[in-house]
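Novice: next input, structure requested:
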Amino acid sequence: MQMKKLLGSVASLALVLSFSQVNAAELLKNLKFGGSVEMQATSARNVLDFQTRKKDTGAVAADNGIDRIGDMQTRIMLNMDWDLLDDVHSRVTLRKNNRVWGNASERAVDGAANTGLANNVFIDEGYVKIDKVFNYVDTTFGRQFFGEEGDLVIYFGPKHNLYGMAVTALDAARFDWMGEKAYVTALAGKADGNAAALGVAGVNDQDIRGLVVGSKGIENADGKVYLYNLATHRADSTVGGTGLGDEATKNDNLYVAGLKVKGKLGGLYGSAEFAKNFGTYRAKTLGTDVGGSYSGFAFLVDAGFKADLEQVGMLNPWAQFGLGTGRINQSVGQNEQFTAIATDYRPGAIYGRFSQGANNTLGQNVAGAAAYTNNPAGNGLANRVIYGVGAKATPAMLNKLTAGVSYWDFRFHRLVQNYAAPGVKENAGNKHIGSEIDVDAEWKHSENVSFKGTLGTFQPGGFIKEKQKAGNYPDSPALMAALDLAIKF
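Specialist: Numbers count the residues shown, from 1 in each chain. You can find the predicted model right below:
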């Protein structure tokens, strides 16, 4: 039966092409392929619960201990670009990243449990770009990536150094004006995974809008200002499970305004960013707050120095510091925690690799993470104080190798008080999440092929130690060895 369907599809395609072979050839004359093949090997333990051995006392069923990871994942991305017209261009990006080594071969056609190859190939980008509308503005419509990887406020695209190799995208209309010394980008679209059917307002349907004005082509300096809006539509009175009736149907409107500058002088380089929240807060997660405002802020600075030493090589010491405000009480509407649109700020090899995801979050099982409001997993700079120092070096005799060592420290800015017990802070107010030491080495085989190996350890801080102690759990450090391969074509 499957063979008959396949033959029928091929015959239909051949029939269509036979009527318009010339037009098809003209349409695809500028077709170009590109993309990447990436592999992520991860060997780790204690990243979920900081336990090497089981709980000292209590029911065995409550134990989380001895979590271990040892796997290799493959992500393949294929870009197809072509010109629909002289001034209209198109891109489609296909992705497959469900393959984990050791699993059985996949079926070429659908299986009973939707395990076929076709069910695991996704279209992450599909857009058209029109040149110089109104003689000045390039316009892009459709599903697309947006932002810079590692950005503090917003990034949609392929994730690197994230366990699971996730990819996010945005359905949007984008408008770009480029001048000699400045540029303007405007954006309006929908967040991935929040749309409803046509004619139906979905619960938590999210709109994203943005405006960025920046400089370019200025020697040794660069900067931009931005304003983003994330509007979450409340479609019924059950949002957050608070039963607040009409109040719960009003929109949550988050705004993030910011300034980012960077520059260099000789071998010295640095950047600084400040972002501020404002808008109407109506997220019903804890307590019975019926509306308030966003008021959080964050700033991030980093600096380094690149020294090219004759017959020795390149030496690059660096330092980074970030602070994002947190809430002191979730029982009131005022939301003082810094909130990003879609952050990709994930410092540290372990903290960054296991900072997101339902099944791989750093410390998600720490003495029952669901029992407390402060979670050690990373979420950008939301309620965090983070600093890092390190150095990288490229020896002159092995100029394809770059090796580095780094130290990171992670703390809460504030500990959220339990709304049912005002004034009571978790773990006697201990804010220290932990610290991390990483050693890595990257071999640049060629311009488009690289290998990166990492060894790291994450040491639990006072917050985790106190939480584990309260439940008679150990607090062993998390350990990781990783190898990443990237091939671009």
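
Novice: all strands for the stretch 151-300 of the chain, in order.
Specialist: Counting by DSSP state E, counting those that start in this stretch, the stretch 151-300 of the chain has strands at residues 155-156, 170-178, 182-191, 205-215, 221-233, 252-265, 268-281, 292-293, 297-305.

Novice: possible to save those strands as JSON lines with mean neighbour count, distance to Asn119 and mean pLDDT?
Specialist: Heads up, the C-betas are built off the backbone N, CA and C, glycines and all. Output for these, formatted as JSON lines (neighbours: other C-beta atoms under 10 Å; distance: least, C-beta to C-beta, whole Å; pLDDT from 0 to 100):
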{"stretch": "strand 155-156", "mean neighbour count": "23", "distance to Asn119": "23", "mean pLDDT": "96"}
{"stretch": "strand 170-178", "mean neighbour count": "18", "distance to Asn119": "21", "mean pLDDT": "97"}
{"stretch": "strand 182-191", "mean neighbour count": "17", "distance to Asn119": "24", "mean pLDDT": "95"}
{"stretch": "strand 205-215", "mean neighbour count": "18", "distance to Asn119": "26", "mean pLDDT": "94"}
{"stretch": "strand 221-233", "mean neighbour count": "17", "distance to Asn119": "30", "mean pLDDT": "94"}
{"stretch": "strand 252-265", "mean neighbour count": "18", "distance to Asn119": "34", "mean pLDDT": "95"}
{"stretch": "strand 268-281", "mean neighbour count": "18", "distance to Asn119": "39", "mean pLDDT": "96"}
{"stretch": "strand 292-293", "mean neighbour count": "15", "distance to Asn119": "43", "mean pLDDT": "86"}
{"stretch": "strand 297-305", "mean neighbour count": "19", "distance to Asn119": "39", "mean pLDDT": "97"}
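
Novice: which one of those lies closest to Gly126?
Specialist: strand 170-178 (9.4 Å; C-beta to C-beta).

Novice: need the strands of the stretch 151-300 of the chain in JSON lines (columns: distance to Gly142).
Specialist: Converted to JSON lines, these look like this (distance: least, C-beta to C-beta, whole Å):
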{"stretch": "strand 155-156", "distance to Gly142": "13"}
{"stretch": "strand 170-178", "distance to Gly142": "7"}
{"stretch": "strand 182-191", "distance to Gly142": "10"}
{"stretch": "strand 205-215", "distance to Gly142": "15"}
{"stretch": "strand 221-233", "distance to Gly142": "20"}
{"stretch": "strand 252-265", "distance to Gly142": "24"}
{"stretch": "strand 268-281", "distance to Gly142": "28"}
{"stretch": "strand 292-293", "distance to Gly142": "34"}
{"stretch": "strand 297-305", "distance to Gly142": "31"}
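
Novice: what secondary structure does Gln468 sit in?
Specialist: Following DSSP: H, G, I helix; E, B strand; the rest coil, we place Gln468 in the helix state.

Novice: got it, and Glu125?
Specialist: strand.

Novice: isn't it up against Arg91?
Specialist: Yes: the pair Glu125 / Arg91 is scored as a contact, 5.6 Å apart, by C-beta atoms under 8 Å.

Novice: name the residues contacting each of these two.
Specialist: Each of 79, 144 lies in contact with both Glu125 and Arg91 under the rule C-beta atoms under 8 Å, 6 or more residues apart in numbering.

Novice: roughly how far apart are Asp87 and Lys132?
Specialist: 7 Å (C-beta to C-beta, to the nearest Å).

Novice: ok, longest strand in this protein?
Specialist: Ranked by number of residues, the top strand in the chain under DSSP state E is strand 68-85.

Novice: just checking, what packs against that one?
Specialist: In this structure, strand 68-85 makes packing contacts with strand 32-45, strand 88-100, strand 122-133, judged by 3 or more C-beta pairs under 8 Å, 6 or more residues apart in numbering; DSSP states H and E.

Novice: ok, which of the ones you listed comes nearest Lys190?
Specialist: Per C-beta to C-beta, nearest to Lys190 of those: strand 122-133, 13.5 Å.

Novice: now the closest one: buried residues?
Specialist: Going by neighbour count (16 or more other C-beta atoms under 10 Å), the buried part of strand 122-133 is 124-127, 129.

Novice: of the residues you listed, closest to Val405?
Specialist: For the buried residues of strand 122-133, the residue nearest Val405 by C-beta to C-beta is Asp124; the value is 34.7 Å.

Novice: quick one: contacts for that closest one?
Specialist: 77, 93-95, 143, 145, 167, 169.

Novice: swap in 10 Å and give it another go.
Specialist: 77, 79, 92-95, 143-145, 156-158, 167-169, 192 (C-beta atoms under 10 Å, 6 or more residues apart in numbering).
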